[in-house]
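1. Sequence first, predicted coordinates after that:
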Amino acid sequence: MNRSTDRILTTHSGSLIRTPEIIDGIIVRMLGEPVDEERLKETVAAGIDDVVRRQVEAGVDIPNDGEYARRSFRTYIDERIGGLKRIELKSGERDPNRGNPPDLESRQFPGFCAQYYGSVAYAWMPAEVDSSKIAELRSKRRTTDEVSRLVGPVHYADTEVQRDITNLRAALDGREVADAFITAITATSNSRHHGNVLDFYPSLEAYQFALADVIREEYKAITDAGFVLQLDRPAQDPTYHLESDEEITRALDEAIEVENYALRGIPEDRVRVHWCAGSNNRPHTQDIPMNKLAKSMLKLKAGAYGFEAANPRHEHEWQIWEDIKLPEGKIIIPGLISQSTNVVEHPELIAWRIKNFARLVGRENVIAGVDCGFSQGWDRPRTHAEVQWAKLRSLAEGAAIASRELWRKPANAKGAVS
């Protein structure tokens, strides 16, 4: 994993707003209509080539495929695991994977959550997407839905990760980047959604370790291919309903134990992790504070740790690194722009945020990132696409300003704002 050795490198958290063509293909498939799968694969590959180009042009040093081939950052893995089956929900049942606010926050703001989660989907959908198809899909989702349910012991039954690798490698050809990453979900983030676990495993914990064995195959495929593996939300989900510090710390540590088991044998310097409190534009009053999270987070066997730092609930938390020592050789990837607002952060603000972290952990140990993904699901763009790219350009400009000051570079040096 490359470090910020002569300037502050930039990256983001994984998901980017998908193209109208890809979204149209996903909608048609979800409506159960005939899909030209080969044409859709070509559309995805072309979209990945374009999104990598746009990231590089925006100044992103460590890009990815935008998660363009996935319906969502979380549920994609259900399609890659044998032993899981998509089933239709009964009338009145709800998919727990979709639109679920954190438990404590939904209790604190029931009116807000009821109104917000009923309207947030599709809010910033690209205008070119067929609106009649969206309306048809929304109507279908009101009357029926599908979820993944366990129907037998789990095993890895996938070739799509190789397609992810091939598409990203092709998109990177001829383009200069510092690194490239591919995201993957973790066992503890999905296990609670799979229903009848005790029909096949003695406990939820046993199932999580079994899932860890399965998902490890995806991890190894990514790192063996030479890409950086990013783990998404490794331990937050089991804490949503917990209130005491002791319960939260125990749940975090137990989930991290499962994830470290999945990472066994994988070099730490090929792994980075993305911790977040969810991408939604919501109160965030029940987020776990970084001073309660950091010690558990650093137990994860990864080389770099990404976390929220632009969200107003977390921006002040750079100060904790005065008291918590970043282990030798580790990197932090603080979010310096937010995906949950259409306000474009000023480059000078971003530079100031970078310098706060660099002063405490060392300039070479900071990579500039984003709080969370811009579209964790195909139907959840958090900003307008134009704003997404403006924010990423501003991130690069802010990193250039900070680099000049941190390395005392002249204005025409590498990393200068043109």
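-> That came through fine.

2. State the distance from Leu198 to Leu211.
-> Distance, Leu198 to Leu211, by Cβ to Cβ, to the nearest Å: 15 Å. Just so you know, the C-beta spots here come from the backbone N, C-alpha and C atoms, and that holds for glycine as well.

3. between the two, who's got more neighbours?
-> Leu211 (27 against 12; other Cβ atoms under 10 Å).

4. my guess is the more buried one meets Tyr156, correct?
-> No. Under the criterion of Cβ atoms under 8 Å, Leu211 is not in contact with Tyr156, lying 10.2 Å apart.

5. what touches both of these two?
-> Counting by Cβ atoms under 8 Å, 6 or more residues apart in numbering, the shared contacts of Leu211 and Tyr156 are Ile81.

6. immediately after the strand or helix carrying Ser132, which helix or strand?
-> Per DSSP states H and E: Ser132 is located in helix 131-143. Following helix 131-143 in sequence order, the next helix or strand is strand 146-156 (DSSP H and E).

7. Now for Val56, how many residues are close by?
-> Other residues lying near Val56 total 16 when counted by other Cβ under 10 Å.

8. can you tell me how far Phe357 sits from Arg363?
-> Using Cβ to Cβ, Phe357 is found at 9 Å from Arg363.

9. meant to ask about Glu205, not that
-> Per Cβ to Cβ, Glu205 is found 41 Å from Arg363.

10. okay, the two: which has more neighbours?
-> Each of Glu205 and Arg363 has its neighbours counted (other Cβ under 10 Å); Arg363 has more, 21 against 15.

11. Settle this for me: Val154 is touching Ala212, isn't it.
-> No. Here Val154 lies out of contact with Ala212, judged by Cβ under 8 Å, at a distance of 10.2 Å.

12. so how far is the first residue of stretch 127-136 from its last?
-> Start to finish, the residues bounding stretch 127-136 are 16 Å apart (Cα to Cα, to the nearest Å).

13. I'd like the mean pLDDT over it, please.
-> The average pLDDT for stretch 127-136 rounds to 90.

14. Likewise for stretch 359-372?
-> On average, stretch 359-372 scores 98.

15. so what's Glu217 closest to, chain neighbours aside?
-> Ranked by Cβ to Cβ, 6 or more residues apart in numbering and with sequence neighbours excluded, the top spatial neighbour of Glu217 is Tyr156, at 4.3 Å.

16. Equivalent analysis for Ile22, please.
-> Using Cβ to Cβ, 6+ apart, the closest residue to Ile22 is Gly47 (5.2 Å).

17. count of residues packed around that neighbour?
-> Per other Cβ under 10 Å, the neighbour tally for Gly47 reads 24.

18. Against Arg70, how distant is it?
-> For Gly47, the distance to Arg70 - Cβ to Cβ - is 12 Å.

19. Same question for Gly335.
-> Going from Gly335 to Arg70 by Cβ to Cβ gives 21 Å.

20. The helix or strand of the chain with the lowest mean pLDDT: how far from the chain's middle?
-> One helix or strand of the chain scores below all others by mean pLDDT, DSSP states H and E: helix 131-143, with a mean of 82. Remark: helix 131-143 is offset 26 Å from the chain centroid, using Cα atoms, centre = their mean, to the nearest Å.

21. start the count at 52, not 1, going forward
-> Right, with 52 as the first residue, what we last looked at is helix 182-194.

22. Show me which positions of that helix end up buried.
-> For helix 182-194, a neighbour-count test (16 or more other Cβ atoms under 10 Å) marks 184-185, 188, 192 as buried.

23. Let me know the closest of the residues you listed to Tyr167.
-> Arg192 (16.9 Å; Cβ to Cβ).

24. sorry, back to before: phi and psi next, for the residue nearest to Ile73.
-> phi -60, psi -40 (degrees, to the nearest 10).

25. which residues sit in contact with it?
-> 69-70, 72-73, 117, 119 are the contacts of Gly98 under Cβ under 8 Å, 6+ apart.
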